[in-house]
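Participant: Okay, sequence plus prediction incoming.
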Amino acid sequence: MHDLLWRYVNEGGTICVISHSMKHTIIRDYKNNDLPEPSIIYGWELPPEKRKPSIWPVESIIEKLRLNKEDVLLVDDLLPGIQMARDAHIDACGAGWAHDIKEIKEDIKNKCTYYVESVKELEDLLFEGE
């Protein structure tokens, strides 16, 4: 992921994080792993009605960054994030390398716009046509 995230940012992409972790933990983990700092982070410190799987974080990011929904891709390995993307009407990519449980993988796969089994497949999806 390290090289992919740096490539993505260096080629003009924007990383935002919507997580069940606290914002300070996310910032620490990105710094400790020499990852590009996300532009926007929404974590568990938000009130419950604004946390994943609420669509509020997605809508807020789209508004703040002045994006079109078709320019947004949410990548997640769990159903709350995938459901959030579906409810917000944006594309979702299931990160299939995170689970070995067949039922979880199939459920996520069936609810996503895209599904990738490896970081390499995610890179190919993000940079297809280059």
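Facilitator: It's in.

Participant: now for the helix or strand of the chain with the lowest mean pLDDT, which elements pack on it?
Facilitator: Ranking every helix and strand in the chain by mean pLDDT, DSSP states H and E puts helix 102-111 at the bottom, with a mean of 88. Packed against helix 102-111 by the contact rule (3 or more CB pairs under 8 Å, 6 or more residues apart in numbering; DSSP states H and E) you find helix 79-88, strand 91-95. C-beta coordinates here come from the backbone N, C-alpha and C atoms, glycine included.

Participant: do you know which of those lies nearest residue 5?
Facilitator: strand 91-95 (13.1 Å; CB to CB).

Participant: Counting by contacts, list what the closest one packs against.
Facilitator: So strand 91-95, by 3+ CB pairs under 8 Å, 6+ apart, packs with strand 73-76, helix 79-88, helix 102-111, strand 114-116, helix 119-126.

Participant: What count of nearby residues applies to residue 90?
Facilitator: 22 (other CB atoms under 10 Å).
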